[in-house]
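Engineer: got a predicted structure plus its sequence, pasted below:
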Amino acid sequence: MAFDPNVPVEIVFESYNLGSATWEAPILSLIEKFETEYPNVDVIPQASGDSTAAGGSAASVQRQVIAGNPPDVAQMTFDTLRYTVSDLQAQPLNTLFGQDALDEHYEGEYPMHDKVRGFGVVDGSTYGIPYVLSTPILWYNATALADAGIDDPDFSTWESLADIAARVSAKTGAPSFGNSCLDAIGEWCYQSMVRSADGRVLDEDDSTITVGEPNAVDPLITMQEINESGALQNGDYYDQYEAFAAATTQIHINSASLQSAFQKGADAGGWELAAAPMPGVEGKDVVPTSSGSMLSIFTKDPAKQAAAWELTKFMTSPAAYEVITPQIGYLPLRTSMTEEGGPLAEWAAEQADLLAPNIEQLDSIEPWVAYPGKNYQQIATIITDAIEQVVYQGADPEATMSAAAARAQTLVEQ
């Protein structure tokens, strides 16, 4: 059904960004702007009320699907993709609106980056439009490193990072490095560690869990060694990023979307925030994986589908990224907006040193792997529990991750 601007329609837009005090205002401002441009559409904003980790966005939608009243359009994290299609019955956008409409949306004056266009595709059909995502960034406190005698740090490999962290910890007398990839909320980032070591968490047939294979285990052995040296912070996701923002730790790996929060911490603490790409293994290419989400349509009502498509296009348009990128910190998926003459060029120039690693990594980004089947969340939990045992509790890396892979595989096959 084509969108009719003369017919009043009400749609529910569910977003986990609306549950954050930091993110809510920019998203509400975009909804208000959309309603001004589409006065016949009344958008009801709805916070998901769930964590963005381990499929929280899907859990919220699932409850509403069971009740027979799903949101019309919702922000879904990429790890939920397969479940969003198989169990939550997200609508195939290329079937509803045609592939030409999708292609037209992806192109335009500021095209969406080629690397991310397929992130919402399953078996050739598009079930989500990439919305907000970022790459894993190594953030560091340049002031503290300089105090430790490190003025030009090399974070290209885990080995060089380990050396720097040890030197900074020797200076401060405390752990200097926090790695959110080792926490359940950072499971997307752990996948980057594995891929950058030529490993996989799931085989290329999407059927076998492979976290116990040698290349997948190697990065965790390095993390275990850094922990045993006393340089790795042992804390959950929130403890880690709060410690870095407060300059309690001096090196931290997390999403690029936290740039704004970390910059506020640096400004308040009087230290210089700096950034580098994700470290990797000597002689191997770093493969960043994406955090973030897509917008999927769940309503089966034709009029609501048409309105939801207009909202989806608006929220992933250049006009939306003019708000989302500078105010929240997510990567502008239409990256040419940051180039000379683009609407984000001035902002990008001011943020050049911090923004460059994020945009650079977009050229080699891979999607956050969605584990198959309805037990995808339990699979991720088994894996992240095993990571904690290896890194922080000293468990045997090969045996522990192989056992986790075997347990997770039984859930794939159910």
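Structural biologist: Alright, I've got the coordinates. None of the values given here were measured: they were computed from a predicted structure.

Engineer: grab the nearest non-local neighbour of W158.
Structural biologist: T222 (4.7 Å; C-beta to C-beta, 6 or more residues apart in numbering). The way it works is simple: take the backbone N, C-alpha and C, and place the C-beta from them, glycine included.

Engineer: ok so that neighbour is a strand residue?
Structural biologist: No - counting by DSSP: H, G, I helix; E, B strand; the rest coil, T222 falls outside a strand, being helix.

Engineer: now do the contacts for it.
Structural biologist: For T222, the contact set (C-beta atoms under 8 Å, 6 or more residues apart in numbering) comprises 158-159, 162.

Engineer: sec struct for Y140, please.
Structural biologist: Y140 ends up strand, using three-state DSSP.

Engineer: since we're on the nearest residue to it once chain neighbours are set aside, how many residues are nearby?
Structural biologist: Nearest-residue entry for Y140: I251, 4.8 Å, with adjacent residues in sequence omitted and distances by C-beta to C-beta, 6+ apart. Residues lying near I251 (other C-beta atoms under 10 Å) number 27.

Engineer: on that earlier part again, mind checking which of the contacts of T222 are in strands?
Structural biologist: Using DSSP state E, no member of those falls in strands.

Engineer: confirm that F262 sits in a helix.
Structural biologist: Yes - F262: assigned to a helix according to three-state DSSP.

Engineer: neighbour-wise, which of the contacts of T222 leads?
Structural biologist: Of the contacts of T222, with other C-beta under 10 Å as the count, W158 tops at 23 neighbours.

Engineer: list the contacts of that residue.
Structural biologist: By C-beta under 8 Å, 6+ apart, the neighbours of W158 are 219, 222-223, 279-281.

Engineer: ok, and the most crowded of those residues?
Structural biologist: Scoring the contacts of W158 on neighbours with other C-beta under 10 Å, the highest-scoring entry is P219 at 27 neighbours.

Engineer: quick check on that one: phi, psi?
Structural biologist: Per-residue torsions, P219: phi -60, psi -30 (degrees, to the nearest 10).

Engineer: quick one: it and V194 touch, right?
Structural biologist: Yes - between P219 and V194 there is a contact at 6.4 Å, judged by C-beta atoms under 8 Å.

Engineer: and the contacts of W158, which two are the farthest apart?
Structural biologist: Taking C-beta to C-beta, the two most distant members of the contacts of W158 are M223 and G280; they sit 13.6 Å apart.

Engineer: how about the residue nearest to Y140, phi and psi?
Structural biologist: Dihedral angles for I251 - degrees, to the nearest 10 - are phi -140, psi 140.

Engineer: quick one: contacts for it?
Structural biologist: I251 sits next to 138-141, 161, 164-165, 168, 176-178, 244 when contact means C-beta under 8 Å, 6+ apart.

Engineer: can you rerun that using 7 Å?
Structural biologist: 138, 140, 165, 168, 176-177 (C-beta atoms under 7 Å, 6 or more residues apart in numbering).

Engineer: which one of the residues you listed is nearest to W271?
Structural biologist: Nearest to W271 out of the contacts of I251 is Y140 (C-beta to C-beta; 10.1 Å).

Engineer: bridged to that closest one, which residues?
Structural biologist: Here Y140 sits in beta bridges with I251, A274, going by DSSP bridges.

Engineer: from here on, call the first residue 25.
Structural biologist: New numbering, starting at 25: the last item is Y164.

Engineer: does it touch T273 like I think?
Structural biologist: No - with contact defined as C-beta atoms under 7 Å, Y164 does not reach T273; the gap is 9.7 Å.

Engineer: quick one: low-confidence ranges for the stretch 75-224 of the chain?
Structural biologist: Within the stretch 75-224 of the chain, the set of residues satisfying pLDDT under 70 comprises 75-80.

Engineer: repeat that with 90
Structural biologist: Across the stretch 75-224 of the chain, the ranges flagged by pLDDT under 90 are 75-84, 158.

Engineer: tell me where it has helices.
Structural biologist: Along the stretch 75-224 of the chain, counting by DSSP state H, counting those that start in this stretch, helices occupy 80-90, 105-110, 117-121, 123-130, 166-171, 182-196, 211-219.

Engineer: and those helices: which comes nearest P32?
Structural biologist: Closest among these, using C-beta to C-beta: helix 117-121, at 20.8 Å.

Engineer: quick check: buried residues in that closest one?
Structural biologist: In terms of neighbour count (16 or more other C-beta atoms under 10 Å), helix 117-121 has its buried residues at 117-118, 120-121.

Engineer: so where's the stretch 325-438 of the chain uncertain?
Structural biologist: In the stretch 325-438 of the chain, residues with pLDDT under 90: 350-356, 375, 397, 437-438.

Engineer: what's the spacing between the residue nearest to W182 and N203?
Structural biologist: T246 sits at a distance of 10 Å from N203 (criterion: C-beta to C-beta, to the nearest Å).

Engineer: same question for P63.
Structural biologist: Applying C-beta to C-beta to P63 and N203 gives a distance of 48 Å.

Engineer: with A430 instead?
Structural biologist: The spacing between A430 and N203, counted by C-beta to C-beta, is 25 Å.

Engineer: more neighbours, those two?
Structural biologist: Legend: neighbour count by other C-beta under 10 Å for A430 and N203, higher for N203 (28 against 12).

Engineer: how many neighbours does the nearest residue to that one once chain neighbours are set aside have?
Structural biologist: Nearest residue to N203 in three dimensions, chain neighbours excluded: I277, at 4.9 Å (C-beta to C-beta, 6+ apart). I277 is flanked by 26 other residues according to other C-beta under 10 Å.

Engineer: for I277, helix, strand, or coil?
Structural biologist: strand.

Engineer: now it: how far from A410?
Structural biologist: In this view, I277 and A410 are 19 Å apart by C-beta to C-beta.

Engineer: ok, now L157?
Structural biologist: Separation of L157 from A410 (C-beta to C-beta): 26 Å.

Engineer: give me the number of residues near Q329?
Structural biologist: Residues near Q329, counting by other C-beta under 10 Å, number 23.

Engineer: and it, that one's in a helix?
Structural biologist: Yes - counting by three-state DSSP, Q329 is located in a helix.

Engineer: residues in contact with it?
Structural biologist: By C-beta under 7 Å, 6+ apart, the residues touching Q329 are 25, 115, 120, 321, 323.
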